[in-house]
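What follows is a predicted protein model with its sequence.
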Amino acid sequence: MSYDLQMRVYRLLDSEPFFAALSRTIEKRASTSIPTAGVRVNPDTAQFEMLYNPDFFDSLPEEQVLGVLKHEMYHLIFEHVTSRKPEGINHMKWNVAADLAINSHLQGELPDNCCMPGVGPFEDLPLYQTAEWYLANLPQNEEQDGGKGEGNGESGEGEPGDGNFDDHSGWDADGDSPEQQAANQMAKERLKQNMKKAAQAASTASKGWGSISAAMKEEIISRMETKVDWRNVLRYFIKTSQRASRSSSVKRINKRYAYIHPGKKVKRQAKIAIAVDQSGSVSDEMLVAFFSELEKLAKLATFTVIPFDTQVDESLVYEWKKGTSHSAERVMCGGTCFDAPTKYVNDSGDFDGVIILTDMEAPKPKRCKAQRMWMTDQRGASRPYFQTNEKVIAID
């Protein structure tokens, strides 16, 4: 094993501050068990690691060694190693699609005969698409054969020069086991933190982000953001807003004073106000998605739907009870004033929580007596008209 990649990484990545910082967090181990190179999650440490064949690297010019290093880092950034393989898809087809997505950004930097959009069997495929897009648009012969040179059967092991120069066999190893799933999740969270540190290093370096394009920089930054499932947040908000209604019951035994005092019967039912912004800038798609989820959650709470623009028309307010359905429709039109639904909720004094569906394009409202949460679109969540410490969740 004459080629020591660890000794060369620093010089190879000197002009790539982001990749250099990220590479330092990935253990690299020489191994003849694979023909080329590959990244995987080590289940014992829950860390990403890179295995490489020193003979393969010794056969490459340095610019291609650098390209392979960046290729492996992109596999981690795009989450190809852990959770993004679609269900029921042939492993070899996914290998080709993943490599096509990455290699678009590494033109002229990789070994010959690598999978490249616009070249050879992929000449009709455009550059810069996602792995999922390439998977859906692979040429017919690639769909049948899993792609040129995908190596030794389902393992996905490639040979130098066969079209897939790195090894993907570790991506699916024990992937369904609870231990591997836990290790994958821990590795992803650690990688996200390491990516944040690498981005900070690149932002302050004299060479900036190196060869990474502005579009790719934006993509990397978006992947570092914590994403939440708005449906889960909505369900959690409703469950945690519910209050208890207690009454005495002789049928229940008092835990502290058995047979001396009656027990307590507790009914838990949240009463939630749903304030719906009627302005035209709130999209129909967002209204439909939100109302569809409310229909599923109606078994947890009683909803009072409050349409509003600059005011609340009480004749349009209605109660959404369990087992019923309501269509998402506009019943008002005009501007937006968040004080209107807030005043309605405060004056009622009967609500446990209020959810406001809006585009966030209005001044900050007065304080609400009930717990308040905002549901909006991606733009409203990232660039709201006002700042608040209350929950603001984007509906995708």
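That came through fine.

any weak-confidence spans in the stretch 1-150 of the chain?
With pLDDT under 70 as the threshold, the stretch 1-150 of the chain has low-confidence stretches at 1, 83-88, 141-150.

What segments of it are strands?
With DSSP state E, counting those that start in this stretch as the definition, the stretch 1-150 of the chain shows strands at residue ranges 27-30, 37-42, 47-52.

and the longest helix for this protein?
helix 178-204 (DSSP state H).

in that one, what counts as buried?
Using 16 or more other C-beta atoms under 10 Å as the test for burial, helix 178-204 gives 180, 183-184, 187-188, 191, 194-195, 198-199, 201-202. Using the backbone N, CA and C atoms, a C-beta is placed for each residue, glycine as well.

Same question for stretch 122-130.
For stretch 122-130, burial by neighbour count (16+ other C-beta under 10 Å) applies to 122, 125, 129.

domains for the protein, by residue range?
Per automatic domain parsing, the domain ranges recorded for the chain read 5-224, 230-394.

tell me the most buried of those domains?
Highest mean neighbour count among the domains of the chain (mean count of other C-beta atoms under 10 Å): domain 5-224, with a mean of 18.

tell me the average confidence for the longest helix of the chain?
Average pLDDT, helix 178-204: 87.

so it versus strand 47-52, what angle?
Interaxial angle of helix 178-204 relative to strand 47-52 (axes from the mean of the first three to the mean of the last three C-alpha atoms, to 10 degrees): 80 degrees.

Give the next helix or strand downstream of helix 178-204.
Next along the chain after helix 178-204, taking DSSP states H and E as the criterion, comes helix 214-224.

next one: the helix or strand that comes right after that following helix to chain centre, how far?
Per DSSP H and E, the first helix or strand lying C-terminal to helix 214-224 is helix 230-241. Distance of helix 230-241 from its chain centroid, counting by C-alpha atoms, centre = their mean, to the nearest Å, is 19 Å.

do the same with stretch 62-76
Distance, stretch centre to chain centre, for stretch 62-76: 24 Å (C-alpha atoms, centre = their mean).

Could I get the buried residues of stretch 122-130 in CSV, plus columns for distance to Phe290?
Converted to CSV, the buried residues of stretch 122-130 look like this (distance: C-beta to C-beta, whole Å):
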residue, distance to Phe290
Phe122, 41
Leu125, 37
Gln129, 31
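
Nearest to Glu219 among these?
Using C-beta to C-beta, Gln129 is the member of these that lies nearest Glu219, at 12.4 Å.

Does the closest one touch Ala101 like I think?
Yes: taking contacts as C-beta atoms under 8 Å, Gln129 lies within contact range of Ala101: 6.5 Å.

what sits in contact with each of those two?
Here Gln129 and Ala101 have no joint contacts, going by C-beta atoms under 8 Å, 6 or more residues apart in numbering.

check which helix or strand covers Ile306.
Going by DSSP H and E, Ile306 is part of strand 301-308.

roughly how far is that strand from the heart of the chain?
30 Å.

Also stretch 100-116?
26 Å.

which residues of the stretch 251-396 of the chain fall in strands?
Using DSSP E, counting those that start in this stretch, strands in the stretch 251-396 of the chain cover 262-268, 270-277, 301-308, 318-320, 353-357, 371-376, 391-394.

and the nearest residue in space to Gly380 that is not next to it in sequence, what pLDDT?
Excluding the flanking residues, the one nearest Gly380 by C-beta to C-beta, 6 or more residues apart in numbering is Met360, at 3.7 Å. pLDDT, Met360: 92.

Tell me who's in contact with Met360.
By C-beta under 8 Å, 6+ apart, the contact list for Met360 reads 374, 376, 380-381, 384-386, 392.

Repeat that for Met286.
Per C-beta under 8 Å, 6+ apart, neighbours of Met286: 357, 376-377, 395.

in which helix or strand would I find Asp166?
Asp166 belongs to no helix or strand, assigned by DSSP H and E.

which residues pair with the closest residue to Ala273 other than its chain neighbours across the strands?
Spatial nearest neighbour of Ala273, excluding adjacent residues (C-beta to C-beta, 6+ apart): Val354 at 4.1 Å. Assessed by DSSP bridges, Val354 has beta-bridge partners Ala273, Arg372.
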